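coords please:
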Amino acid sequence: MTCGSGQPASITFNLLEGRLLVNGYPLSHLPNKYESSPAYRQLFRTQVLDVMPSTRIGMRFSTCREQQGWVVHFAMVGTELVIQAVRRRHTDSLNEDPAAEIYKFIPPWKLKGDVTLSFIDNYSHWLNLSTKVLKFRPVDKP
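Got it, this is the predicted structure:
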């Protein structure tokens, strides 16, 4: 089996926990270090998302179901959680959609000193990776 990055995937079964693992990670939910990160908590609070291996290069997991029309991808880079949201324009294809909208979540602490506190505290921040436009979304509607 290969993941979206084209790299071979290792599939194992953990007998002690009774779980199928892909590349050492459970298929059902994100590892605790992902769910306990400040970025995850800001966007999803205590919500537990069903995930599978990501098809995006550089990302490890993606949501099994769309979140308000978006597929959310996750990767841990060092100690920082990277979150990307993808909305496909051509939903009839299983392949990567070149017309897809792709946004990267920018954690609020990365904007301190660059924008006023009201924009940091009351909004989530999403960078369009194609246009490089930063969108500010109300924190209760990330």
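
Let me know the next secondary structure element after the longest helix along the chain.
Assignment by DSSP state H gives helix 38-44 as the longest helix of the chain. Following helix 38-44 in sequence order, the next helix or strand is strand 51-53 (DSSP states H and E).

Show me what that next one is packed up against.
With contacts taken as 3 or more CB pairs under 8 Å, 6 or more residues apart in numbering; DSSP states H and E, strand 51-53 sits against strand 61-63. The way it works is simple: take the backbone N, C-alpha and C, and place the C-beta from them, glycine included.

Now do the strand it packs on: distance to the chain's middle.
Relative to its chain's centre, strand 61-63 lies at 6 Å (CA atoms, centre = their mean, to the nearest Å).

Now do the strands in this structure.
Along the chain, counting by DSSP state E, strands occupy 11-14, 19-22, 25-26, 51-53, 61-63, 71-77, 80-87, 101-106, 123-128, 134-138.

Since that was my last question, I'll sign off now.
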